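Engineer: no sequence on hand, only this structure:
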Ligand SMILES: [Zn+2]
Ligand SMILES: [Zn+2]
Ligand SMILES: [Zn+2]
């Protein structure tokens with residue numbers, strides 16, 4: 001067993017389990033359960049709703065507080081939490097203060113060392129006279145003050161079963177990228193309107209960005225955080241040209257040194273800034289040193305946290321399996337995963353209505369820099385997802401079967417928006433202007449009718465990464481990402497999803513996505529999947545319809561002897577449910593059997609419109625995502641969700 005899994009296993013044992021799970025786990029709409037074997041009825045069931053039939057799951061207008069006008073056991077089926085202006089008292093928990101709350105209240109912590117949201121809260125307390133020079137003692141830790149601070153932070157958020165499921169996007173460009181154009185606030189405003197809770201600004205690493213952009217974008221990010229009352233968590237990051245490899249998202253927890261650390265990182269380790277982009281063992285080493293730098297920046301206290309995800313990993317075939325293993329193994333707390341689906345999902349819309357490329361601009365072929373082992377089939381997407389993720393028994397499964405934590409995400413890679421009218425302003429739209437200023441001028445209205453050659457959607461419009469966070473804070477989002485408590489969807493396929501592994505036939509709260517479940521040999525487990533199907537239209541004005549859900553299972557076989565392995569021959573689809581006629585709230589239960597050897601499970605589901613046997617054959621994946629056709633791939637016609645895995649390891 002890999003050391004990482006064992007340490008995670010220990011952590012998991014110690015993890016407090018989800019108090020609210022059974023205490024409030026009464027579902028009043030009595031969902032039908034789809035069992036593939038006998039199961040005790042009345043299990044914790046699907047996400048709860050305020051009232052039967054209330055389509056409260058997602059509100060396109062996320063305006064003011066929502067009034068419920070009734071008393072209730074307070075849980076929601078929401079994929080996105082909403083406002084609770086009238087009854088915050090119900091959520092004011094007698095919980096110990098978090099480290100972050102203590103920092104806000106502890107005047108020994110300088111203002112400059114607080115994240116922006118924390119500083120905003122401290123200023124509110126100051127204004128209210130709660131926090132004075134002599135008030136840092138125990139008395140201010142009372143519930144009333146803590147509730148005031150929480151109210152200032154974001155009163156609409158209420159955890160369900162221990163977690164808020166916060167939708168986000170870690171891959172977004174602005175006018176500080178030479179191939180993009182929008183202001184930071186444009187991206188934040190759209191992300192907010194389309195339902196995201198967190199986002200990362202990731203302009204391309206480049207000479208101009210390292211010199212100018214990384215610094216100049218920061219006041220824009222800070223202003224955008226404030227403009228939305230810190231409702232939207234906006235991280236600063238960059239799209240790193242990984243030495244010897246593809247692009248990746250690197251981002252940090254906000255703080256006084258966020259710019260300094262990112263600038264030093266970019267100047268020292270970006271492949272295009274310092275000429276280490278080409279594939280060579282020496283440059284591969286540079287990538288690892290970059291991850292080491294981030295780790296050191298945390299341990300030295302310069303920044304509170306940082307993370308790295310590999311972006312569009314199979315696009316050009318240049319992220320070799322041993323490089324991916326290398327990043328992950330070098331700094332497993334920072335190198336967290338990869339895009340399971342690339343952005344640029346509008347790029348496959350056929351001409352003359354769209355760019356007529358591949359989804360994600362996956363329309364490439366091998367080059368001298370590509371890993372020679374990758375097949376031609378790896379250069380396109382399948383149901384909009386990257387080959388590494390969409391192939392059952394493929395590269396991602398080979399990592400999971402080793403016991404390596406490596407998570408998937410889905411993002412917009414927003415640069416220029418499909419059918420948007422805006423253009424760069426004449427005179428401030430040239431490469432010379434960009435080189436001199438580190439940015440383009442603010443966008444202006446262009447020709448009416450919109451640009452059909454733009455291949456991107458706004459953040460939140462199509463791709464979402466849902467993170468189970470204990471609170472709506474920067475630190476909690478990073479913690480959820482690191483824990484792999486994540487699922488992703490396209491086109492708002494699902495309104496809500498909760499996945500647990502628990503002892504079979506019990507009402508045990510079980511273990512969420514990303515967990516390692518330690519269990520005695522012979523104990524019988526089950527996978528419980530609580531789905532809230534979508535009832536509201538997505539941004540294409542269509543109500544997405546979930547047709548099927550698949551369980552994918554693989555054995556944990558331990559470290560691979562060949563670090564360029566990219567297959568897991570034993571992994572396959574072990575169960576499929578047809579949920580096309582199931583109710584909105586549906587709970588699926590799958591018997592995992594008596595535990596003998598270690599294994600993992602992950603889930604996938606689809607609207608069922610484009611299905612085909614997987615690359616491993618019908619015995620492995622009888623009805624997987626079909627290959628996307630370059631030049632003819634309508635992203636709204638082929639929607640999928642994927643979850644991260646849960647491992648089960650015998651003690
Ligand atoms: Zn770009
Ligand atoms: Zn990129
Ligand atoms: Zn990008």
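Structural biologist: Received, thanks. Quick caveat: nothing in here was measured; it's all calculated off a predicted structure. Ligands and ions are numbered 1, 2, ... in the order given.
Engineer: residue ranges of the strands in the stretch 351-500 of the chain, please?
Structural biologist: 407-410, 422-423, 444-445, 463-469, 486-490, 494-503 (DSSP state E, counting those that start in this stretch).
Engineer: nearest to residue 416, out of these?
Structural biologist: Residue 416 lies closest, by CB to CB, to one member of the strands of the stretch 351-500 of the chain: strand 422-423, at 8.5 Å. (Each C-beta comes from the backbone N, C-alpha and C, glycine too.)
Engineer: now the closest one: average pLDDT?
Structural biologist: Mean pLDDT, strand 422-423: 97.
Engineer: so what strands line up beside it?
Structural biologist: Applying DSSP bridges, strand 422-423 is found paired with strand 444-445 (antiparallel).
Engineer: run the chain-centre distance for the strand it pairs with.
Structural biologist: 32 Å (CA atoms, centre = their mean, to the nearest Å).
Engineer: who's in contact with the residue lying closest to residue 173 once chain neighbours are set aside?
Structural biologist: Among residues not flanking residue 173 along the chain, residue 180 sits closest, at 3.7 Å (CB to CB, 6 or more residues apart in numbering). When contacts are counted by CB atoms under 8 Å, 6 or more residues apart in numbering, residue 180 touches 173, 174, 203, 414, 415, 416.
Engineer: picking that back up, would you list the strands of the stretch 351-500 of the chain in JSON lines and tack on mean neighbour count and distance to ligand 2?
Structural biologist: As requested, the strands of the stretch 351-500 of the chain are exported to JSON lines (neighbours: other CB atoms under 10 Å; distance: least, CB to the ion, whole Å):
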{"stretch": "strand 407-410", "mean neighbour count": "28", "distance to ligand 2": "13"}
{"stretch": "strand 422-423", "mean neighbour count": "16", "distance to ligand 2": "21"}
{"stretch": "strand 444-445", "mean neighbour count": "12", "distance to ligand 2": "26"}
{"stretch": "strand 463-469", "mean neighbour count": "29", "distance to ligand 2": "14"}
{"stretch": "strand 486-490", "mean neighbour count": "28", "distance to ligand 2": "17"}
{"stretch": "strand 494-503", "mean neighbour count": "23", "distance to ligand 2": "26"}
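Engineer: can I get the ones you listed in TSV including distance to residue 321?
Structural biologist: Shown next, in TSV, are those (distance: least, CB to CB, whole Å):
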stretch	distance to residue 321
strand 407-410	16
strand 422-423	40
strand 444-445	45
strand 463-469	23
strand 486-490	22
strand 494-503	27
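Engineer: how about the secondary structure of the closest residue to residue 269 other than its chain neighbours?
Structural biologist: The shortest distance from residue 269 to any non-neighbouring residue, by CB to CB, 6+ apart, is to residue 290 (3.3 Å). With DSSP: H, G, I helix; E, B strand; the rest coil as the basis, the three-state label of residue 290 is helix.
Engineer: before we move on, back to that, which helix or strand contains the residue nearest to residue 173?
Structural biologist: For residue 180, there is no host helix or strand (DSSP states H and E).
Engineer: confidence score at it?
Structural biologist: pLDDT, residue 180: 98.
Engineer: my understanding was that residue 267 contacts residue 274; is that so?
Structural biologist: Yes: assessed by CB atoms under 8 Å, residue 267 is found in contact with residue 274 at 7.5 Å.
Engineer: okay, those two: which has more neighbours?
Structural biologist: residue 274 (18 against 15; other CB atoms under 10 Å).
Engineer: not counting sequence-adjacent ones, nearest residue to residue 241?
Structural biologist: For residue 241, the closest residue by CB to CB, 6+ apart turns out to be residue 271, at 3.7 Å.
Engineer: how many neighbours does that neighbour have?
Structural biologist: Around residue 271 there are 22 residues (other CB under 10 Å).
Engineer: which residue does this structure bring closest to ligand 2?
Structural biologist: residue 247 (3.4 Å; CB to the ion).
Engineer: which residues does that residue bridge with?
Structural biologist: residue 241.
Engineer: give the contact list for it.
Structural biologist: When contacts are counted by CB under 8 Å, 6+ apart, residue 247 touches 204, 239, 240, 241, 310, 311, 312.
Engineer: if I look at it, how far off is residue 204?
Structural biologist: For residue 247, the distance to residue 204 (CB to CB, to the nearest Å) stands at 8 Å.
Engineer: ok, residue 163 next?
Structural biologist: In terms of CB to CB, residue 163 sits 33 Å off from residue 204.
Engineer: circling back to that earlier point, highest neighbour count among the contacts of residue 247?
Structural biologist: Counting by other CB under 10 Å, top hit in the contacts of residue 247: residue 240 with 30 neighbours.
Engineer: spell out which parts of the stretch 351-500 of the chain neighbour ligand 3.
Structural biologist: By CB under 5 Å from the ion, the residues of the stretch 351-500 of the chain that approach ligand 3 are residue 413.
Engineer: just the mean pLDDT for stretch 587-600, thanks.
Structural biologist: 97.
Engineer: so which bits of it are buried?
Structural biologist: 587, 588, 589, 590, 591, 592, 595, 598, 599, 600 (16 or more other CB atoms under 10 Å).
Engineer: ok, now stretch 642-651?
Structural biologist: Quick answer for stretch 642-651 (16+ other CB under 10 Å): 642, 643, 644, 645, 646, 647, 648, 649, 650.
Engineer: residue 186: what secondary structure?
Structural biologist: helix.
Engineer: now do residue 201
Structural biologist: Of the three states, residue 201 takes strand under three-state DSSP.
Engineer: surely it meets residue 235?
Structural biologist: Yes: shown here, residue 201 and residue 235 form a contact pair, counting by CB under 8 Å, at 7.1 Å.
Engineer: what do those two both touch?
Structural biologist: With the criterion set as CB under 8 Å, 6+ apart, the contacts of residue 201 and residue 235 do not overlap.
Engineer: between the buried residues of stretch 587-600, which is nearest residue 490?
Structural biologist: residue 588 (20.3 Å).
Engineer: secondary structure element for the closest one?
Structural biologist: strand 585-594.
Engineer: tell me how far that strand is from the chain's mean position?
Structural biologist: Worked out by CA atoms, centre = their mean, strand 585-594 lies 25 Å from the chain centre.
Engineer: who in this structure is up against ligand 3?
Structural biologist: Proximity of the chain to ligand 3, by CB under 5 Å from the ion, involves residues 239, 413.
Engineer: if we use 6 Å, what do you get?
Structural biologist: For the chain, the residues in contact with ligand 3 (CB under 6 Å from the ion) are 171, 173, 239, 247, 413.
Engineer: show the average pLDDT along stretch 190-198.
Structural biologist: For stretch 190-198, the mean pLDDT works out to 98.
Engineer: what's the end-to-end length of that stretch?
Structural biologist: Start-to-end span of stretch 190-198 (CA to CA, to the nearest Å) is 12 Å.
Engineer: ok, back up a step: now for the strand holding residue 588, which elements pack on it?
Structural biologist: In terms of contacts (3 or more CB pairs under 8 Å, 6 or more residues apart in numbering; DSSP states H and E), strand 585-594 is packed against strand 33-35, strand 524-533, strand 572-578.
Engineer: and of the ones you listed, who's closest to residue 541?
Structural biologist: Here strand 524-533 is closest among those (CB to CB), at 17.5 Å.
Engineer: tell me where the stretch 501-650 of the chain has strands.
Structural biologist: Using DSSP E, counting those that start in this stretch, strands in the stretch 501-650 of the chain cover 516-519, 524-533, 548-555, 572-578, 585-594, 599-606, 611-612, 624-625, 640-643, 646-650.
Engineer: with distance to ligand 2 added, can I get these in CSV?
Structural biologist: Shown next, in CSV, are the strands of the stretch 501-650 of the chain (distance: least, CB to the ion, whole Å):
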stretch, distance to ligand 2
strand 516-519, 31
strand 524-533, 32
strand 548-555, 27
strand 572-578, 31
strand 585-594, 36
strand 599-606, 24
strand 611-612, 28
strand 624-625, 22
strand 640-643, 20
strand 646-650, 30
